[in-house]
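Asks: attaching a predicted model along with its sequence, questions to come.
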Amino acid sequence: MKKIILTFALALFSQSFADCIHTVFEYEQASIAHYDKSFDGLLFDSVYVDKGTANTRGNSIYILKYYWTGDKIDSAYEANLRKGEWQYKTTINPDSVVYDIDHVENNWTIIGSANGVSDTISIYFDGDSLAITSTDEAGKYTNIYVMGNDTLFRYSESEIIVNDEKDTNTCYVKDSRDDYVTTWYRYDTEVKNDKVIVSKTYIEDGLDHKVMTYFLFRRKAGTDAIRRKFHPAIIPEKGKKFDLLGRPAKGKYTVEF
C-alpha cells in the first residue's frame with residue numbers, strides 16, 4: 001500500500017511540472033521559498049553549466065553545489081573543466097549570514113548582512129505576478145513576471161515566455177523589436193529522481209550556445225519533509241561572483257585541491 005501511495009504521489013509531483021512556463025514561473029519563485037519556510041516552493045540543489053556550443057559540448061564545464069547543516073552553510077563545492085583539465089575548489093564559510101526578514105501579506109523584504117556588508121531583496125508575489133528587486137553594491141535591479149493563460153510575461157525585459165507548440169516541457173524566451181521576433185533562450189524542463197530539472201539554453205543566430213542546468217527539489221510549506229538542508233538562491237555567472245545572500249566566503253577560507 002505504501003508503495004502504491006508513493007507511486008501515486010510521485011506521479012502527481014511529475015504532472016505538476018508538465019508545463020514549461022509554469023515550471024519556469026515557480027523556478028523564479030525560489031527566492032521566496034529560500035527565505036520563507038512557510039512558503040511552499042522549489043529550492044536549489046545544484047547547477048551544471050556547459051559553456052560550449054552545440055558542436056563543442058563537454059569542453060568547458062562549471063559545476064556548483066552547496067552543502068548545508070540546518071540553515072548554515074558548511075561549504076560550497078565548485079569544479080571547472082578548462083583545456084581538458086579539472087580544477088576543484090571548496091570554499092569554507094565559518095561565518096553565517098544574518099538575515100532580517102519582514103513578510104506582510106504579499107510583500108517580503110529580506111536583508112542579508114555579513115562582514116559589515118548588506119544586500120536587500122524585495123519581493124512581491126500574489127499568485128500570478130512576481131516582482132523581485134535586488135539592491136547591492138552594484139545598484140538596483142528589478143525582475144517582473146506576470147502569468148497569463150498560455151504566456152509568461154517578463155515585463156522588466158519586454159519579453160514573453162511561451163510553450164513549444166508540440167512539447168509543453170519546452171518553452172522559449174522571445175521579444176519583438178522593430179517587428180522582428182528574436183528568440184533568446186530555450187527552457188527544457190523535466191522531473192527525474194524526485195528533482196525538478198530546468199535547463200536554460202542561450203541561443204545566438206539560431207544556434208544553441210551555453211546551457212545552464214538547475215536541479216531543484218520541493219519543500220512543503222513549514223516543513224523540511226524532503227531534505228533537512230536549506231539552500232541559497234544560486235546565481236552563477238552574474239558578474240563573475242555570487243550574491244552575498246548565501247554566497248561562500250572568499251580569500252583565506254578558500255581551499256583548492
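Replies: Alright, I've got the coordinates. Residues are numbered from 1 along each chain as shown.

Asks: the stretch 51-200 of the chain: strands as residue ranges?
Replies: For the stretch 51-200 of the chain, the strands defined by DSSP state E, counting those that start in this stretch occupy 61-69, 72-82, 85-92, 98-104, 107-114, 117-125, 129-136, 139-147, 151-154, 159-163, 170-177, 180-192, 195-204.

Asks: in JSON lines, list the ones you listed along with mean neighbour count.
Replies: For glycine as for every other residue, the C-beta is placed from the backbone atoms N, C-alpha and C. Converted to JSON lines, those look like this (neighbours: other C-beta atoms under 10 Å):
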{"stretch": "strand 61-69", "mean neighbour count": "17"}
{"stretch": "strand 72-82", "mean neighbour count": "17"}
{"stretch": "strand 85-92", "mean neighbour count": "13"}
{"stretch": "strand 98-104", "mean neighbour count": "11"}
{"stretch": "strand 107-114", "mean neighbour count": "18"}
{"stretch": "strand 117-125", "mean neighbour count": "18"}
{"stretch": "strand 129-136", "mean neighbour count": "18"}
{"stretch": "strand 139-147", "mean neighbour count": "14"}
{"stretch": "strand 151-154", "mean neighbour count": "18"}
{"stretch": "strand 159-163", "mean neighbour count": "19"}
{"stretch": "strand 170-177", "mean neighbour count": "16"}
{"stretch": "strand 180-192", "mean neighbour count": "15"}
{"stretch": "strand 195-204", "mean neighbour count": "18"}
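
Asks: quick one: low-confidence parts of the stretch 151-257 of the chain?
Replies: 177-180, 220-257 (pLDDT under 70).

Asks: recalculate using a threshold of 80.
Replies: The model of the stretch 151-257 of the chain has pLDDT under 80 over residues 156-157, 176-181, 219-257.

Asks: format the strands of the stretch 51-200 of the chain as a markdown table; extra columns: distance to D50.
Replies: Below are the strands of the stretch 51-200 of the chain laid out as a markdown table (distance: least, C-beta to C-beta, whole Å):
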| stretch | distance to D50 |
| --- | --- |
| strand 61-69 | 6 |
| strand 72-82 | 9 |
| strand 85-92 | 14 |
| strand 98-104 | 33 |
| strand 107-114 | 30 |
| strand 117-125 | 28 |
| strand 129-136 | 26 |
| strand 139-147 | 24 |
| strand 151-154 | 24 |
| strand 159-163 | 22 |
| strand 170-177 | 18 |
| strand 180-192 | 13 |
| strand 195-204 | 9 |
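
Asks: fine by me, thanks again.
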